[in-house]
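**Student:** fold the following and give me the result.
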Amino acid sequence: MIDTDDLAYLSAAEALDRFRRRALSPVELMEVVIARAEATEPVINAFTDTFFDRALEQASAAADAYTTGRARPLEGLPVAVKDEDDIAGQRTTNGSLLFADRVAEDTGPVAARILGAGGIVHARSAAPEFSMTIVTWSLLHGITRNPWNPGLTPGGSSGGSGASLAAGSAALASGSDIGGSIRIPASMNGIVGFKAPFGRVPEPWPWNREPFLSSGPLARTVADTALFQNVLAGPLPGNLWSLPRLDLPDRFPPAAGMRIALSADLGYFEVDADVAAAVDGAAERLRSLGARVDPIRLDWDERFLDVAEEHLSFLMGAILRRELTDGWEDLVTSYAREFFERPPVTVDRWIDGWAFLDDAYRELEAKTFAAGYDALICPTLTTTAVPAGWGHPDEGRAVPLIEALAVAMTYPFNALGRLPVLDVPAAISPTTGVPIGIQIVGPPASDPVPFRIGAALEAAAGPLFRRARPALP
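**Tutor:** Down below sits the predicted model:
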């Protein structure tokens with residue numbers, strides 16, 4: 001049996017409790033996490049920049065804060081921050097050669113809340129260029145690999161965050177999700193990730209107006225994810241699009257009595273057998289806990305993918321094109337070049353997409369929330385067998401964005417951006433050795449509901465990293 005006191009895999013909540021009881025020092029935890037990073041980084045390449053010496057100094061200051069009663073909610077925890085969130089004085093490259101030497105002048109809202117809560121940013125986590133695909137590799141930082149199976153991807157775009165948590169080289173990690181970029185790494189690494197409703201976690205301009213986008217927490221347990229989300233959530237002065245704070249409790253009631261809808265394919269995905277079995281297993285566990293789980297049929301189709309791609313091209317594409325400099329064509333990845341070179345989307349086409357999405361939501365609502373179901377569960381990905389360097393110039397052909405998104409069952413819930421979605425581990429694939437996650441989708445403004453179901457599943461099986469861990473040094 002795995003030693004659950006192994007400090008590298010200690011939950012954030014347990015670490016904070018030990019800090020408060022003086023049973024563990026933030027310096028001791030930081031030393032373990034740094035040692036773990038130094039051992040695993042040559043294999044997984046989760047970090048773009050590290051600040052280990054400074055982190056140890058900050059951990060010492062955090063220890064003093066516990067002694068003097070000044071500890072904040074994340075005081076002393078090692079937190080990996082995605083390489084797209086600005087921190088003044090640090091590089092923010094967005095995984096691009098175009099920004100290889102860019103040093104941020106200001107700190108963005110996500111990083112500011114982490115730092116303000118006492119989290120220690122010991123490392124920046126890798127992402128694909130401009131966070132534009134579901135695997136994590138870039139020409140600047142190379143290929144990030146899955147700790148459970150280094151031949152496969154940890155997912156993207158928050159792949160470095162997911163890989164670091166699975167490797168034990170961070171206690172918490174930040175992510176952002178515009179097409180699945182929190183939930184995909186959560187699924188592939190066996191961790192927990194939350195795509196909050198659009199606006200719950202404030203974004204910097206102009207991303208605060210991108211309704212598909214939500215930044216949020218990644219962690220190894222449901223409780224840690226809730227703890228982290230409570231730090232990140234809440235309105236930002238001057239940001240009209242940020243939502244009111246919605247606190248998540250320390251503990252969630254059992255799942256008994258809940259009604260949960262199950263869609264195995266969202267109407268049009270083809271799911272691998274190991275993924276389907278994992279979702280069925282989660283449904284059976286919920287039934288054993290006293291919940292009612294009923295399969296439903298959604299009549300969604302592939303037009304969903306077209307609409308998502310058109311939206312991203314229309315809005316995200318316009319934002320990112322402002323960042324391009326002369327000669328960009330020779331400096332960007334194949335997936336970024338393909339994105340920037342596609343024909344423009346007309347306003348009429350974009351409006352037609354919104355009409356499609358309204359119809360899609362009305363169907364979902366009618367068959368789930370309006371029919372008395374508390375939530376919907378479904379797979380996160382159609383497969384776990386995604387190579388680490390999928391589309392890399394050294395690994396074969398370029399992979400178009402639409403082909404990459406086709407394996408992700410996440411983007412419909414970015415398009416329906418007000419829905420809270422929690423991703424939790426359901427099983428480990430017997431064919432690839434990579435974890436399989438499921439999505440738990442709640443109705444608008446119901447953030448605690450997916451956490452209640454996720455906590456019940458976690459309690460029934462036990463946190464994944466108490467039962468299994470990657471075979472890394």
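
**Student:** which parts of the stretch 51-200 of the chain are helices?
**Tutor:** 52-68, 109-116, 159-167, 183-189 (DSSP state H, counting those that start in this stretch).

**Student:** which stretch among those helices comes nearest Thr225?
**Tutor:** For these, the distance to Thr225 is smallest for helix 183-189, at 9.0 Å, taking Cβ to Cβ. All C-beta atoms are positioned from the backbone trio N, CA, C, and that covers glycine.

**Student:** please identify the helix or strand for His311.
**Tutor:** Assigned by DSSP states H and E, His311 belongs to helix 303-311.

**Student:** what residues does that helix touch?
**Tutor:** Here helix 303-311 makes contact (Cβ atoms under 8 Å, 6 or more residues apart in numbering) with 179, 212, 268, 345, 349-350, 353, 356-357, 360, 401-402, 405-406, 411-412, 414-415.

**Student:** and with 10 Å instead?
**Tutor:** 178-180, 210-212, 266-269, 317, 339, 342, 345-346, 349-350, 352-357, 360, 400-403, 405-406, 408, 410-412, 414-416 (Cβ atoms under 10 Å, 6 or more residues apart in numbering).

**Student:** got it, and stretch 465-473?
**Tutor:** 1-4, 6, 8-11, 36, 38-40, 42-44, 146-150, 163, 165-169, 189-191, 220-221, 425, 428, 433-435, 461.

**Student:** got it, and stretch 318-328?
**Tutor:** 94, 96-99, 102, 129-132, 205-207, 209-210, 312, 331-332, 336-337, 339-340, 344-345.

**Student:** where exactly do the strands run in the protein?
**Tutor:** Counting by DSSP state E, residue ranges of the strands within the chain are 47-50, 78-82, 120-125, 137-138, 142-143, 172-177, 192-195, 214-219, 259-262, 292-295, 375-379, 421-428, 435-441.

**Student:** how close does Val121 get to Pro249?
**Tutor:** Distance, Val121 to Pro249, by Cβ to Cβ, to the nearest Å: 27 Å.

**Student:** and those two? Which one has more around it.
**Tutor:** Higher neighbour count among Val121 and Pro249: Val121, with 23 against 13, using other Cβ atoms under 10 Å.

**Student:** show me what contacts that one?
**Tutor:** Val121 neighbours (Cβ under 10 Å, 6+ apart): 49-51, 54-55, 58, 78-81, 85, 87, 90, 111, 114-115, 170, 174.

**Student:** any of those residues buried? List them.
**Tutor:** 49-51, 55, 58, 78-81, 85, 87, 90, 111, 114-115, 170, 174 (16 or more other Cβ atoms under 10 Å).

**Student:** name the spans of this structure whose pLDDT lies under the cut-off.
**Tutor:** Applying pLDDT under 70 to the chain flags the ranges 1-5.

**Student:** max-length helix in it?
**Tutor:** Using DSSP state H, we find that the single longest helix of the chain is helix 347-367.

**Student:** tell me what angle that helix forms with strand 435-441.
**Tutor:** Put simply, helix 347-367 runs at 90 degrees to strand 435-441, going by axes from the mean of the first three to the mean of the last three Cα atoms, to 10 degrees.

**Student:** quick one on the thing from earlier: which of the contacts of stretch 465-473 are buried, as a ChimeraX select command?
**Tutor:** Buried members of the contacts of stretch 465-473, defined by 16+ other Cβ under 10 Å, are picked up in ChimeraX with:
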select :8,9,10,11,36,40,43,44,146,147,148,149,150,163,165,166,167,168,169,189,190,191,220,221,425,428,433,434,435,461
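
**Student:** does Thr394 touch Ile143 like I think?
**Tutor:** No, residue 394 isn't Thr; it's Asp. Yes - when contacts are counted by Cβ atoms under 10 Å, Asp394 is listed as touching Ile143 (8.6 Å).

**Student:** quick one, which of these two is more surrounded?
**Tutor:** Using other Cβ under 10 Å, the more surrounded residue of Asp394 and Ile143 is Ile143, with 21 against 8.

**Student:** that one bridge partners, please.
**Tutor:** Beta-bridge partners recorded for Ile143 (DSSP bridges): Trp137.

**Student:** what sits against the closest residue to Ile34 other than its chain neighbours?
**Tutor:** Closest residue in space to Ile34, ignoring its immediate chain neighbours: Phe52 at 4.9 Å, by Cβ to Cβ, 6 or more residues apart in numbering. Going by Cβ under 10 Å, 6+ apart, Phe52 touches 30-31, 33-35, 37-38, 78, 122-123.

**Student:** quick check, nearest of the residues you listed to Gly454?
**Tutor:** Pro78 (23.5 Å).

**Student:** roughly how far does the closest one sit from Ala15?
**Tutor:** Distance from Pro78 to Ala15, by Cβ to Cβ: 9 Å.

**Student:** tell me, what's touching these two both at once?
**Tutor:** Common neighbours of Pro78 and Ala15 (Cβ under 10 Å, 6+ apart) are 26, 29, 33, 171-172.

**Student:** of the residues you listed - the most surrounded one?
**Tutor:** Ranking those using other Cβ under 10 Å puts Ala171 first, with 33 neighbours.

**Student:** right, and that residue touches Leu77 too?
**Tutor:** Yes - assessed by Cβ under 10 Å, Ala171 is found in contact with Leu77 at 4.6 Å.

**Student:** any shared contact partners between these two?
**Tutor:** Here Ala171 and Leu77 share the contacting residues 12, 15-16, 29-30, 33, 119-120, 122, 224, 228, scored by Cβ under 10 Å, 6+ apart.

**Student:** for the residues you listed, which one is nearest Ala71?
**Tutor:** Closest approach between those and Ala71, by Cβ to Cβ: Leu16, at 8.2 Å.

**Student:** could you count how many residues lie near that closest one?
**Tutor:** Leu16 has 24 nearby residues by other Cβ under 10 Å.

**Student:** which residues touch it?
**Tutor:** Applying Cβ under 10 Å, 6+ apart, we find Leu16 in contact with 10, 24, 26, 66, 71, 73-77, 118, 171, 224, 227.

**Student:** how about Leu77?
**Tutor:** By Cβ under 10 Å, 6+ apart, the contact set of Leu77 is 12, 15-16, 19, 26, 29-30, 33, 59, 62, 114, 117-120, 122, 170-172, 224, 227-228.

**Student:** swap the cut-off to 6 Å and go again
**Tutor:** 12, 119, 171-172 (Cβ atoms under 6 Å, 6 or more residues apart in numbering).

**Student:** alright, I will stop here.
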